[in-house]
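Trainee: Next come a sequence and a model predicted from it.
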Amino acid sequence: MDILRYTLLVLHLIGLAAILGPFLDQLRSDAKRVTQTMVWGARAQIVTGLLLVGVAEMNDYDVDHAKIAVKLVVALAIAGLAEVAGKRTRVALAGSGDLSPVRTLWWLIGGLTVVNIIVAVVWH
């Protein structure tokens, strides 16, 4: 069961990197866009996070359900924003719009990702 838990944890961290990497890469850029990597990273965060909780419950680990609920709500918000912003980015890059509406969603995705990291690390 440890191999499964560690595999899920690595995939969870890869999902985090898929969101945060492109976000940090674009900080100095004027045109903010939500990449498909960010969208898939947000999806991976939800799936692997839920599976990690399931594995922890099966192994009788003490799971803080309030913390998990907060993290899940934030992760769902990130994924929802990423889906919408990803679609708007694809439309804008196809030539039928501009990226200015995506900028706010991009900042929200990055900010909420950092909030989720803080909750994971600080909340004991």
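Mentor: Perfect, I can see it now.
Trainee: C-alpha from now on. contacts and neighbour counts both.
Mentor: OK.
Trainee: got the buried residues for the longest helix anywhere in the chain?
Mentor: Longest helix in the chain by number of residues (criterion: DSSP state H): helix 65-91. By neighbour count on 16 or more other C-alpha atoms under 10 Å, the buried set for helix 65-91 is 68, 71-72, 74-83, 85-90.
Trainee: just stretch 28-37 next, same as before
Mentor: Going by neighbour count (16+ other C-alpha under 10 Å), the buried part of stretch 28-37 is 32-37.
Trainee: now do stretch 17-27
Mentor: For stretch 17-27, by 16+ other C-alpha under 10 Å, it's 17-20, 22-23.
Trainee: now the residues you listed in JSON lines, with distance to Pro101?
Mentor: Formatted as JSON lines, these follow (distance: C-alpha to C-alpha, whole Å):
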{"residue": "Ala17", "distance to Pro101": "24"}
{"residue": "Ala18", "distance to Pro101": "22"}
{"residue": "Ile19", "distance to Pro101": "19"}
{"residue": "Leu20", "distance to Pro101": "20"}
{"residue": "Pro22", "distance to Pro101": "18"}
{"residue": "Phe23", "distance to Pro101": "16"}
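Trainee: and which of these is nearest Leu99?
Mentor: Distance to Leu99 across the buried residues of stretch 17-27 (C-alpha to C-alpha) is lowest for Phe23, with 14.9 Å.
Trainee: Let me know how buried the nearest residue to Glu57 once chain neighbours are set aside is, in neighbour terms.
Mentor: For Glu57, ignoring the flanking residues on the chain, the nearest one in space by C-alpha to C-alpha, 6 or more residues apart in numbering is Val63 at 7.0 Å. Neighbour count of Val63, defined by other C-alpha atoms under 10 Å: 12.
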